[in-house]
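Visitor: predicted model, plus sequence, below.
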Amino acid sequence: MRVGILGSGLMGGKLGTIFARTGHEVTFSYARSEQKLKALARDAGDKARYGKPRQAAEADAVLLAVHWSRVDEVLDQAGNLPRGVVVTCSLPMNDDDSDLVIGHAASGAEELQKKIPKAQVVAAFNTVPSEVLPGVYAARRRARRPSMVCCADHAAAKELAAELARDVGFTPVDAGPLRIARYVEPFALLVAQLAYSGADGPELAYRFERLG
Ligand SMILES: NC(=O)c1ccc[n+]([C@@H]2O[C@H](COP(=O)([O-])OP(=O)(O)OC[C@H]3O[C@@H](n4cnc5c(N)ncnc54)[C@H](OP(=O)(O)O)[C@@H]3O)[C@@H](O)[C@H]2O)c1
């Protein structure tokens with residue numbers, strides 16, 4: 001699969017690197033320095049390159065991994081992504097990342113879908129801290145994998161995101177339509193609270209169990 005990364009920071013850099021190592025053709029884009037993009041592409045191996053957001057958007061799936069305040073700018077640079085699958089891990093946070101600016105009756109993922117109505121938005125990868133991703137990938141052959149909730153209104157797009165989640169080492173969990181992101185996004189803040197408070201470190205993922 002060709003995967004374009006819009007926002008090559010903590011999430012985009014790590015996920016893009018893992019996608020490339022699992023054989024996907026990855027294009028990193030959107031960082032403040034071209035040197036950083038170049039280094040990311042070099043370190044991620046033969047399947048990775050870097051470019052402008054517009055080039056990254058020419059892919060089977062695009063990962064949107066920017067701060068909420070930068071979404072409009074990066075979409076603009078990407079040519080507004082008229083069609084295609086957009087997997088978003090971006091959370092609708094305020095400027096100092098202390099709170100959600102959208103919630104309960106809407107979600108960042110639904111707002112994003114409104115901005116790019118012809119695209120197929122999937123909310124995924126937004127519920128774990130970036131620090132856990134290398135560990136999840138390293139443990140991908142274990143039977144007990146952590147979960148990753150995915151929601152979207154388009155089944156094929158959701159399956160594509162599920163495939164990427166499997167590649168990273170998660171068991172994807174189909175959480176239903178995109179409107180469920182209203183509940184997923186606050187859950188992501190719970191995970192962040194558990195990850196970043198306390199002394200146990202941020203390498204935290206979660207796993208759902210159905211008993212009976
Ligand atoms: N970090 C997490 O653990 C985590 C977990 C779940 C969800 N999320 C969500 O995922 C999204 C991405 O988070 P992140 O932690 O990966 O953010 P990040 O590390 O700040 O990455 C954002 C990327 O955007 C780039 N960028 C910012 N301003 C720019 C500008 N003016 N011009 C060009 N590039 C610019 C940054 O460039 P530089 O690389 O040069 O800084 C960076 O590559 C956010 O919406 C966040 O809420 C994050």
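Guide: Sure, I can see it.
Visitor: excluding its backbone neighbours, what's nearest the residue nearest to the spatial centre of the chain?
Guide: Nearest to the mean C-alpha position of the chain, by C-alpha atoms, centre = their mean, lies Cys89 at 3.3 Å. Residue nearest to Cys89 in three dimensions, not counting chain neighbours: Phe125, with 3.9 Å by C-beta to C-beta, 6 or more residues apart in numbering. In this view, the C-beta of every residue, glycine as well, is placed from N, C-alpha and C.
Visitor: quick one: secondary structure of the one you found?
Guide: coil (DSSP: H, G, I helix; E, B strand; the rest coil).
Visitor: can you name the residue of the protein nearest the ligand?
Guide: Gly9 (1.8 Å; C-beta to the nearest ligand atom).
Visitor: can you count the residues close to that residue?
Guide: Gly9 has 17 neighbouring residues, counting by other C-beta atoms under 10 Å.
Visitor: over to Arg142?
Guide: 10.
Visitor: and if you look at Gly108?
Guide: If you count neighbours by other C-beta under 10 Å, Gly108 ends up with 27.
Visitor: that one against Arg182, yeah?
Guide: No. The criterion here is C-beta atoms under 8 Å, and Gly108 misses it with Arg182 at 9.4 Å.
Visitor: for the helix or strand where Val62 lies, give me every contacting residue.
Guide: Assigned by DSSP states H and E, Val62 falls within strand 61-64. For strand 61-64, the surrounding residues in contact (C-beta atoms under 8 Å, 6 or more residues apart in numbering) are 1-7, 11-12, 15-16, 56, 71, 74, 78, 81, 84-90, 112, 125, 157, 160-161, 164.
Visitor: can you flag the buried ones in the residues you listed?
Guide: Buried members of the contacts of strand 61-64, scored by 16 or more other C-beta atoms under 10 Å, are 1, 3-7, 11-12, 15-16, 56, 71, 74, 78, 81, 84-90, 112, 125, 157, 160-161, 164.
Visitor: return only those of those residues found close to the ligand.
Guide: Contacts with the ligand within the buried ones among the contacts of strand 61-64, as defined by C-beta under 6 Å from any ligand atom: Gly7, Met11, Gly12, Cys89, Ser90.
Visitor: what's the farthest-apart pair in these?
Guide: Gly12 and Ser90 (9.8 Å; C-beta to C-beta).
Visitor: enumerate the residues of this structure near the ligand.
Guide: 7-12, 30-33, 36, 65-68, 70, 89-91, 93, 126, 129-130, 188.
Visitor: report the buried members of these.
Guide: Here, 16+ other C-beta under 10 Å leaves 7-9, 11-12, 30-31, 65-68, 89-91, 93, 126, 129-130, 188 buried among the residues of the chain next to the ligand.
Visitor: tell me which of those fall in helices.
Guide: Residues of these located in helices (DSSP state H): Met11, Gly12, Ala188.
Visitor: now the first one. Nearest residue, chain neighbours left out?
Guide: Setting aside the residues directly before and after it, Met11 is nearest to Ala65 in space (C-beta to C-beta, 6+ apart), at 4.2 Å.
Visitor: surely that neighbour meets Val86?
Guide: No. With contacts counted by C-beta under 8 Å, Ala65 stays clear of Val86, the gap being 10.9 Å.
Visitor: give me the subset of the buried ones among the contacts of strand 61-64 lying in strands.
Guide: Applying DSSP state E to the buried ones among the contacts of strand 61-64, the entries found in strands are Val3, Gly4, Ile5, Leu6, Gly84, Val85, Val86, Val87, Thr88.
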